[in-house]
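[1] Sequence first, predicted coordinates after that:
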Amino acid sequence: MIVDIEKIVYGGKGLGRIDGKVVFVPFVIDGEKVEVDIKKEKKSIVEAQLKRVLEKSPFRREPLCRYFTVCGGCDFQHIDYNHQVNIKKENLNESLRRIGRIEHIPDIKTVPSEKEFFYRNRAQFKIYGSNIGFYKRESHTVIDIDSCPLLLEGLSSLPTRIRPVLSLFMLQPSELHVFSSKDEILLKIIFSKKPKSIPVSLKNIKKITGLNIKGVGIYYKKGNDINFEKVLGDKHLYYKVRDFKFRVSMDSFFQVNHYQIDKLIKIVSESVSGSKILADMYCGVGTLTIPSSKKVEKVFGFEINRFAVKDAIENAHINRAENVEFFPYETKKAVDFIVERGIEVDTAIFDPPRTGLNKYIIEKISSVESLNKIVYVSCNPATLSRDISSFYKRGFKLKDLYMLDMFPQTYHIESIAILERSL
Ligand SMILES: C[S@@+](CC[C@H](N)C(=O)[O-])C[C@H]1O[C@@H](n2cnc3c(N)ncnc32)[C@H](O)[C@@H]1O
């Protein structure tokens, strides 16, 4: 079957049409004519597989990684980087138009990643048998890899270097999480059962891998929970971003693109500048809270993860942020706290997980009369668009919009939407 690819949709696949039905094809580029095999056919949608490119896009290039198209990690290695950014900009625009039904979308400012490869400071490897790697595309089979070109240079060969260490354990781990501040590395080894003993010291792990590993956490799974067992060395790293230093434990979230964190901080802290009382509703270790505190009178940071809150309190201390208070509250409790205490928040930062916000949170925070600005950092344009639409019903309007590329080579989109309410 021959298909003309009209555009790349959110999720990374190309969209074309066959006999009036919409067809989705991975690893193609808008403007290409391709030959495909049909994989799955539903009432109005066809899932297809690329067989041959008949007319190539000028943006097509050779992928860097030999696992590309097999490994589930990347979607866009075959596309020139500038065009990847344009695709994401268009996806964000379309999502706001179609899901959010926003009529006047401001011009989206794009912030491409300084590095399109070797940018990730963290990764979660899966382990199965002798395979260490990532899940195969659309499956739960682990493919064995020897390196990954998305990881920071010092980390990219980690699968090869860590193999001899993992083989020392009686019990095979099921996952290996890696964190790097460029200078130092932390590992989190996760077993499917509680391990009886740890057969290797941190000194030997450093010697075997040749890497500057600062700490190794041993964890095991129990149902859906991941329990901490023991740590060899330290449980946290320090990241330097602009003039700030952040302590991040292996149990806390941190932004993944080493080269984009400072740009995210700059956009957010400049957009809250001049506010009196700021609330950072998903504050993590204080990455956005602490730099923003320098531009406002008072900040409240809320975060569900108690390890991240501990890091955030330490980070306020390290960075001499004296006008910040952190609370280990999940967002519902945080909005109730703001309303019940009558805290006159005028600006709120939301940087939620992919699921976005719920109705209760949107309604309750919008009921705070003093609130006139929202800075919404999102990693999911669909939930962002849905939530912006709800904020519109409560008098907010989209004033400024950024697509900051945190995830080159993948379809994932990070955006920053600035909403204002005119009272
Ligand atoms: C995308 S991260 C953003 C963190 C921070 N803004 C940053 O830039 O590093 C989302 C954060 O929300 C926290 N979180 C998830 N669900 C939450 C909830 N219901 N209430 C409060 N925090 C939550 C996570 O632990 C995580 O630290």
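    Cool, the structure landed.
[2] Looking from the ligand, tell me which residue of this structure is nearest.
    G284 (2.9 Å; C-beta to the nearest ligand atom). All C-beta atoms are positioned from the backbone trio N, CA, C, and that covers glycine.
[3] Could you pull up the residues touching that residue?
    For G284, the contacting residues are S252, F253, F254, E303, N305, A308, A312, D351, by C-beta atoms under 8 Å, 6 or more residues apart in numbering.
[4] hmm, who's touching the lengthiest helix in the chain?
    In the chain, with assignment by DSSP state H, the single longest helix is helix 81-98. Identification of contacts with helix 81-98 by C-beta under 8 Å, 6+ apart yields 7-10, 29-30, 57, 59, 76, 79, 102, 105, 108, 110, 112, 116, 381-382, 384-385, 388, 398, 401, 403, 405, 408-409, 411, 413, 415.
[5] how far out from the middle of the chain is it?
    17 Å (C-alpha atoms, centre = their mean, to the nearest Å).
[6] Next: stretch 393-408.
    With C-alpha atoms, centre = their mean, you get 16 Å for stretch 393-408.
[7] same check, this time on stretch 413-423
    19 Å.
[8] What are the buried residues along that stretch?
    I413, E414, S415, I416, A417, I418, L419 (16 or more other C-beta atoms under 10 Å).
[9] is it true that I132 lies in a strand?
    Yes - counting by DSSP: H, G, I helix; E, B strand; the rest coil, I132 is part of a strand.
[10] Let me know the secondary structure of the residue nearest to it when sequence neighbours are not counted.
    Among residues not flanking I132 along the chain, P159 sits closest, at 4.6 Å (C-beta to C-beta, 6 or more residues apart in numbering). Assigned with three-state DSSP, P159 falls in the helix class.
[11] quick one: pLDDT of P159?
    pLDDT, P159: 87.
[12] distance of it from V178?
    Applying C-beta to C-beta, to the nearest Å, the value for P159 to V178 is 10 Å.
[13] same check, this time on D225
    Taking C-beta to C-beta, one finds D225 at 21 Å from V178.
[14] Tell me which of these two has more neighbours.
    Shown here are D225 and V178; by other C-beta atoms under 10 Å, V178 has more neighbours (23 against 8).
[15] residues contacting the more buried one?
    Contacts of V178 by C-beta under 8 Å, 6+ apart are R122, A123, Q124, F125, L151, L155, L158, I185, L186, L187, K188.
[16] For it, give the beta-bridge partners.
    Counting by DSSP bridges, V178 is bridged to A123, L187.
[17] go on, I416?
    Applying DSSP bridges, one finds that I416 bridges with V377, Y402.
[18] these two touch, right, it and V375?
    Yes - taking contacts as C-beta atoms under 8 Å, I416 lies within contact range of V375: 6.7 Å.
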